[in-house]
Structure formats: C-alpha cells, structure tokens
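Student: Make a model of this:
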Amino acid sequence: MISNVSRRRLLKIGAAGGLGAAALAIAGCGETQIVEVVKEVPVVQEKIVEKVVTQEVEVQKVVEVEKEKIVEKVVTVEAAMPKKAAVHLNFNTWWGTVEQYTAEVGDPFIERNPHVSIDWQVTPWGEYWQKMQTQAVSNQLPDFFGQSVARNWDWANKGLTFNMGPLIKRDIDESLHYTDIWQQGRYPVKGHPDQYMMPMETVVSMLYFNVDLFDDAGADYPELEWTFDNWEEAGAQLTKKEGDKTTQFGVWGRNSNAFLDAFINSNGGVVLTPDFKTCELNGPLSVEMIARCASWIEQGIGPTDAQAADIGGGAQLFTTGRLGMDITGSWQIDAYLKSTDLNFDLMMVPIGPQERIIYGGPDSWSISSGSPHFEDAWELVKFAIGDERSYKNFPLGRIASNIAVSTSEEFRSKGRVPGYKYLFDSVEYMKGADFGPSWVEWRGAFSNGLAPVFLGEKGAQEAADEATTNIQAILDKVPWPAEVA
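Tutor: Now for the predicted structure:
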C-alpha cells in the first residue's frame, strides 16, 4: 500500500507541474491568445488485490488504469495602458498659414498623439510682437510660438522661454540636422549648450538678377565664382541714364542686415565681437566695406535710398524692373515669383575680398517657460524638425533644419527658377548678423547711424564712428547673466 500511495502522489505532482510550466510558457508570449491544452493524465483507480491461497489456485485482482482527458484554457490579457490626460496647446507665429500648420504639422502629430489638441494662430509681423509683449507681461504666452532670432537672447535672459538644451541632448541626433543654424539659438553665446529656440528652417541672402536687363545689355549672367569686382563691372553695364537722371541701376548696396553685415565680414571686418559686448563697426576693415557701398552711389551704378524711392519701388525697386541686381533675403523669392512681369534668376552671393560670407537667419519656435505642457510642446517641436514633416509646409526660400527634408528632390524643386539650387549651397557660408542682446535697439542705432552714407551725405568713417559710440552705449547697459558678466 505504501508504494501505491507514493506513486499516486508522484503522478499528481507531475501533472500539476506540467500544467504550471505550460501556463508560464504561454504567459510569456507578448500576444493575447487563447490556447487549448490537451493532456493525457493517468488516473489511478485502486482496487483491492485479494489473494486466496488454496492448494493449487491463486486468484489476483489487478489495478486497472483508465485514461481521462483534462481540457485546460489559459488566457493571456495585456495590461491596459493608462489613458493620457487631454492636453490643449496654444501656438502663435507670424509666418505660414493656419491651414498649412494644421494639415502638415498638427493633424499628423495629433494622429500619433490623440490626447493633444492644438490652437494654431498666425498674426502679421508688426501686430505679432505687440501681442506677444502684452502676453509676456501678463504671463499669458502661448505654450509655444514663433521666435525671432533678433529677440531670442533678450527673451531667454528675461526667463520667458524654456531651455531646450538638455532635451536636445537627450532626444535629438544632431547629425541629422544643420546644427550650424542652431548656433543662433544658443544663449548667452554661440557654442553654449543652452538653447532657447529651435530653428525650423533658415533663410539666406542671395543675388537676384533681372534676366531681361542682362540680355538687353549683352552682359554675362552671374556665375558661382563671381567676386564683388564682377558685381561692380556688370552693374556698370546695366546702368542706364536719360539725360542727367538715372532710370535704371545696376546694383544696390543695402543698409540692411541681410546685406551689409555679411559684406563687412567678408573683408574680415566686425560689427560686434563674438561675446556681443563690444562694437567694432568703426574698425578699418569694416569701414572699408561701408565706403565701398558709398562708392557705388558715387559711380552712379547704385541708388541712394532717395533715388530708389524717386524712380519707384523704394525697398522693392527690383520688382519694378529698374534694378539689374540685388542682394537680399531668400524670403523674397515667393513675392518676386508673383510679380508676373519679372523674369529673374538666382545666384550665390559673390566672394568678398577675404572670403565668401552669406547672411543667414533661422525661423524658429520657442516654448514658453510658463507652459504647463512643455513635454507635449517639446514632442511637437521634435516632430516639426523631423523627417516625417512634409516639405509642402515650408515656404519658398527656406532651408529645412532637417537634412533629409532639405535634400529631398521634392523640396529642392519648389523654387521654379534654375538658380534655386544655390539656396541650399549657401548654408556652408552662412553667418548671422550678431544676433545677441538688445539687438532691436542697437540695430536701430546701426541703421540710423549709417543712413547718411547711403544718402550720400556723410563719409563712411565719420558715420561709423558715431554709430559705434551709440551702439556701445546700448551694449554697456545690457543686464548680462552672471556667467558672462
């Protein structure tokens, strides 16, 4: 009897252990499933063995083993993920359209993040900054918003924007982006790891030329290896006069950050030192280039601001067909293409006396430091600079921060003029216009100080000296952060 009991216990333990192992093996799978397991388990029915001893006959009753089927069902159910709380993000900027942002950024993002909703707003440039200043004072800034490179430093210094630097280090593969563009978002100086705006795209300056005017003058079209000597020579060919009045100019040396700063830098000149603390606009290499712009006016191949207004067009002189060449931002491409009578093409900015330097400035997004949803806003920023974003959402004349987007054939073929390809080649030579503290204020002193040069009323050195004094007075009042004070 003892041996029969031990066998029975062993059979029961073996059956239970087999079922347990099977259940664990099934539960370890990652899929929800119903598994039917069929096992044949011996069921021992014990019968008494009786021995009747006689002289010749032994009668035995034996143990009969019957097989019984046991059906077991094991169900594995995945744990339900907790539902994310609904998040509503507010956005405002000055470029693009609500329809574009909704279709090309918002809808694809929300499809992946259904707990998020977004209110997109687009406000014209002048009204935009008035509105943003008001909202900043009342702590009602949108969760994320369009940021100007000219205002990034001051907004970061006031604590109005969120430092994305640690998130970039955590989440972004920088090798997939034009990170030189990002340097203009660094604070308090380029090269610092803190970053308070994320460039979505950048614009650069380009040489625009009127094809019809070149053809009429029999002049050779601008080429990639042009220097500013070639620019001046072609400008003289393109200039026309009627009596004493010039009716068509060849070139224009603009008093603007899209032209003059890079022109100065191409000669080794400096507007501000790299730490943004000292103005060196009146240095000899800088003044030489300011004077060269004045010489175009003196030669009669370039207009004063007053002449540009007099013959029509003013700042938009190129669209009138009375200017052979202009160097200005790539944001003008779309506007010029809409001027149906304007037959123009594009070339890279000419090489300066020391090197080729081209103005570039990013269009960026910042996250409000007061946003309760900065992680969700950051996820949207990451999506907007990712390679899943459609090229259709980028206006003409913009270079996407994401290399894969910018190098796609669809993106590069948007320009509809042969020279559009040089937009992308310009990134290698791009430099901003010393976008640092109090930029809006000191830039006003820069433009106003040099204006007499571009009106033909004052010499380059005298004007640069006065502008430098006024700019330095503004920089000396900057509330520098402790680490660079």
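
Student: For the rest of this, base every contact and every neighbour count on C-alpha atoms.
Tutor: OK.

Student: tell me the domain ranges of this structure?
Tutor: 2-76, 84-485 (automatic domain parsing).

Student: now, of these, which is deepest in the fold?
Tutor: The highest mean neighbour count among these, using mean count of other C-alpha atoms under 10 Å, belongs to domain 84-485: a mean of 19.

Student: For the residue positioned nearest the centre of the chain, give its distance to residue 152.
Tutor: The chain has residue 200 as the residue nearest its centroid, 1.9 Å off, counting by C-alpha atoms, centre = their mean. Per C-alpha to C-alpha, to the nearest Å, residue 200 is found 14 Å from residue 152.

Student: in this protein, which ranges drop under the pLDDT threshold?
Tutor: 1-81 (pLDDT under 70).

Student: what about the strands in the stretch 101-250 of the chain?
Tutor: 116-122, 144-148, 198-210, 240-242, 245-248 (DSSP state E, counting those that start in this stretch).

Student: Tell me what angle the second one forms with strand 198-210.
Tutor: So that's strand 144-148. Going by axes from the mean of the first three to the mean of the last three C-alpha atoms, to 10 degrees, strand 144-148 is angled at 40 degrees with respect to strand 198-210.

Student: sorry, back to before: if I pick the residue nearest to the centre of the chain, what's in contact with it?
Tutor: Applying C-alpha atoms under 8 Å, 6 or more residues apart in numbering, we find residue 200 in contact with 362, 363, 364, 365, 384, 385, 400, 401.

Student: Confirm the fourth one sits in a strand?
Tutor: Yes. Going by DSSP: H, G, I helix; E, B strand; the rest coil, the assignment for residue 365 places it inside a strand.

Student: That one pairs with what?
Tutor: Assessed by DSSP bridges, residue 365 has beta-bridge partners residue 146, residue 198.

Student: thinking it is in contact with residue 143, fair?
Tutor: No. Using C-alpha atoms under 8 Å as the test, residue 365 is too far from residue 143 to be in contact (10.4 Å).

Student: Between those two, which contacts overlap?
Tutor: In contact with both residue 365 and residue 143: no residue, using C-alpha under 8 Å, 6+ apart.

Student: can you confirm residue 442 is in a helix?
Tutor: Yes. Counting by three-state DSSP, residue 442 is part of a helix.

Student: what's near enough to touch it?
Tutor: 470, 471, 474, 475.

Student: If we use 6 Å, what do you get?
Tutor: Residue 442 is in contact with residue 471, counting by C-alpha atoms under 6 Å, 6 or more residues apart in numbering.

Student: and what of the one 3 residues further on?
Tutor: Listed by C-alpha under 6 Å, 6+ apart, the contact partners of residue 445 are residue 471.

Student: Show me what secondary structure element comes after the helix or strand that contains it.
Tutor: Assigned by DSSP states H and E, residue 445 belongs to helix 439-454. Counting by DSSP H and E, the element after helix 439-454 in chain order, helix or strand, is helix 460-475.

Student: How far away from the center of its chain is the helix holding residue 445?
Tutor: Distance, stretch centre to chain centre, for helix 439-454: 29 Å (C-alpha atoms, centre = their mean, to the nearest Å).

Student: Over to stretch 195-207?
Tutor: In terms of C-alpha atoms, centre = their mean, the centre of stretch 195-207 is set 7 Å apart from its chain centre.

Student: Likewise for stretch 173-182?
Tutor: Put simply, stretch 173-182 sits 9 Å off its chain's centre (C-alpha atoms, centre = their mean).

Student: Do me a favour and get the end-to-end distance for that stretch?
Tutor: Span of stretch 173-182 from end to end, C-alpha to C-alpha: 13 Å.

Student: which SS class is residue 92?
Tutor: From three-state DSSP, the assignment for residue 92 is strand.

Student: in which helix or strand would I find residue 411?
Tutor: Using DSSP H and E, residue 411 sits in helix 409-412.

Student: for that helix, packing partners?
Tutor: Helix 409-412 sits against no helix or strand, with contacts defined as 3 or more C-alpha pairs under 6 Å, 6 or more residues apart in numbering; DSSP states H and E.

Student: Restricting to C-alpha, output that helix in PDB.
Tutor: Output of helix 409-412 as PDB, limited to C-alpha atoms (Å, rounded to 0.1, in the frame of the first residue of the first chain):
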ATOM      1  CA  GLU A 409      14.100  66.200 -54.600                       C
ATOM      2  CA  GLU A 410      10.600  67.400 -53.800                       C
ATOM      3  CA  PHE A 411      11.900  70.100 -51.500                       C
ATOM      4  CA  ARG A 412      14.600  71.400 -53.800                       C
END
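
Student: Quick check: next helix or strand after it?
Tutor: Counting by DSSP H and E, what follows helix 409-412 is helix 422-425.

Student: Tell me which helix or strand comes right after that next one.
Tutor: strand 430-431.

Student: Can you tell me how far the residue nearest to the centre of the chain is from residue 86?
Tutor: Taken as C-alpha to C-alpha, the span from residue 200 to residue 86 is 26 Å.

Student: swap in residue 215?
Tutor: Residue 215 is 61 Å from residue 86, where distance means C-alpha to C-alpha.

Student: swap in residue 110?
Tutor: When distance is defined by C-alpha to C-alpha, residue 110 is 11 Å away from residue 86.

Student: residue ranges for the strands of the stretch 301-450 of the chain, please.
Tutor: 325-329, 344-347, 358-367, 399-400, 430-431.

Student: Ok, which of those strands comes nearest residue 147?
Tutor: strand 358-367 (5.1 Å; C-alpha to C-alpha).

Student: So which other helices or strands are in contact with the closest one?
Tutor: strand 144-148, strand 198-210, strand 430-431.
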